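> Need a 3D model of the sequence below.
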Amino acid sequence: REAVVERRSGAVVLDRATVAALHEALSSRVLLHAAELLGKRAEISSTHIKSFIDIVKGRKPNVSADIPGLKLTREYGRVTVSLPDVKRPVHFKATLKIPGITPVREAGVVLKATLLKKAPPALANGEKTAYFDFDGIEGPVIVRQFVPGDRMTPLGMKGTKKLKDIFIEKKVPRSLRALVPVLSIGSGILWAAGVRRSGLCAVKKDTVRVLKVELREA
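Numbers count the residues shown, from 1 in each chain. The predicted structure is shown next:
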């Protein structure tokens, strides 16, 4: 069970390295457990287990295979066991509640926004937390999904970069990119939540109010 890193509707996500380090007899149990969580254990045979092990231990970082009733997908360091008819969300859009909690049900996360009177002593923009100069934000902060063609200027860099390229660099699986909450103002992107933030509205020495946004599981 330690190999299971995420569960969502119709899918079980496994840590590839953890499964690959197991004896084949144990790794087969991981597949059986994942299939059981999805209600498909009775359909798993030794041939299907071999396909699973080949995907986990093979050299190809991105590969998929279909077995009866299930789809196996390896993307970077994860292997997803899913129902073949799982439909990915195609659209979500909301206004970030400041202060407050904004649920993103399609991605299974919430965004918590807090206003601070000053920046914390050690300001750290991590993958799960980002800080912004609140008074530099004009208009509402929109939370939406990634759209092909999106570009941003990453914090500490000059010039824009395709968000798609940032996803590739950060090894965000293609199947999960549409689930990344993108915080935008106007035509600019503040933060690809959980991945990377931009240089827009960065906190400065003279910043009066700081907007802290945290990405949390729902």
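> Spatially central residue for this structure, please.
The residue lying closest to the centre of the chain (CA atoms, centre = their mean) is residue 180, at 5.1 Å.
> residues touching that one, list them.
Contact analysis of residue 180 by CB atoms under 8 Å, 6 or more residues apart in numbering lists 107, 145-146, 167, 172, 192-195. For glycine as for every other residue, the C-beta is placed from the backbone atoms N, C-alpha and C.
> Let's see if you can find the most crowded of these.
residue 192 (26 neighbours; other CB atoms under 10 Å).
> you'd agree it is up against residue 154?
No - the pair residue 192 / residue 154 is not scored as a contact, 9.4 Å apart, by CB atoms under 8 Å.
> Give me the common contacts of those two.
With CB under 8 Å, 6+ apart, residue 192 and residue 154 have common neighbours residue 166.
> what does stretch 154-169 contact?
Contacts of stretch 154-169 (CB under 8 Å, 6+ apart): 125, 146, 148-153, 174, 177, 180, 182, 189, 192, 195-199, 202.
> Got a PyMOL select line for the buried ones in those residues?
Buried residues within those, by 16 or more other CB atoms under 10 Å, are selected in PyMOL with:
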select buried, resi 125+146+150+151+152+177+180+182+189+192+195+196+197+198+202
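> Filter the contacts of stretch 154-169 down to the ones in strands?
The strands, defined by DSSP state E, take in 151-152, 182, 189, 192, 196-197 from these.
> Kindly reformat these as JSON lines and extend each row with pLDDT and distance to residue 83.
Shown next, in JSON lines, are the ones in strands among the contacts of stretch 154-169 (pLDDT from 0 to 100; distance: CB to CB, whole Å):
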{"residue": "151", "pLDDT": "96", "distance to residue 83": "34"}
{"residue": "152", "pLDDT": "96", "distance to residue 83": "33"}
{"residue": "182", "pLDDT": "97", "distance to residue 83": "27"}
{"residue": "189", "pLDDT": "96", "distance to residue 83": "32"}
{"residue": "192", "pLDDT": "96", "distance to residue 83": "27"}
{"residue": "196", "pLDDT": "93", "distance to residue 83": "31"}
{"residue": "197", "pLDDT": "92", "distance to residue 83": "34"}
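> For residue 5, give me its contacts.
Counted by CB under 8 Å, 6+ apart, residue 5 has contacts 13-15, 78.
> 7 Å - rerun?
When contacts are counted by CB atoms under 7 Å, 6 or more residues apart in numbering, residue 5 touches 13-15.
> residues near residue 33, how many?
Residue 33 has 17 nearby residues by other CB under 10 Å.
> phi, psi of it?
phi -70, psi -40 (degrees, to the nearest 10).
> Where does pLDDT dip in the chain?
1, 42, 85-90, 121-126 (pLDDT under 70).
> Could you export stretch 205-218 as PDB, CA atoms only?
Below are the C-alpha coordinates for stretch 205-218, written out as PDB (Å, rounded to 0.1, in the frame of the first residue of the first chain):
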ATOM      1  CA  LYS A 205      10.700  45.400   0.600                       C
ATOM      2  CA  ASP A 206       7.900  48.100   0.400                       C
ATOM      3  CA  THR A 207       5.100  45.600   0.000                       C
ATOM      4  CA  VAL A 208       2.300  46.500   2.400                       C
ATOM      5  CA  ARG A 209       0.000  43.600   2.100                       C
ATOM      6  CA  VAL A 210       1.000  40.000   1.300                       C
ATOM      7  CA  LEU A 211      -1.200  37.500  -0.300                       C
ATOM      8  CA  LYS A 212      -0.300  33.900   0.800                       C
ATOM      9  CA  VAL A 213      -1.900  31.100  -1.300                       C
ATOM     10  CA  GLU A 214      -1.600  27.500  -0.200                       C
ATOM     11  CA  LEU A 215      -2.400  24.400  -2.300                       C
ATOM     12  CA  ARG A 216      -3.900  21.700  -0.300                       C
ATOM     13  CA  GLU A 217      -5.600  18.300  -0.900                       C
ATOM     14  CA  ALA A 218      -9.400  18.500  -0.600                       C
END
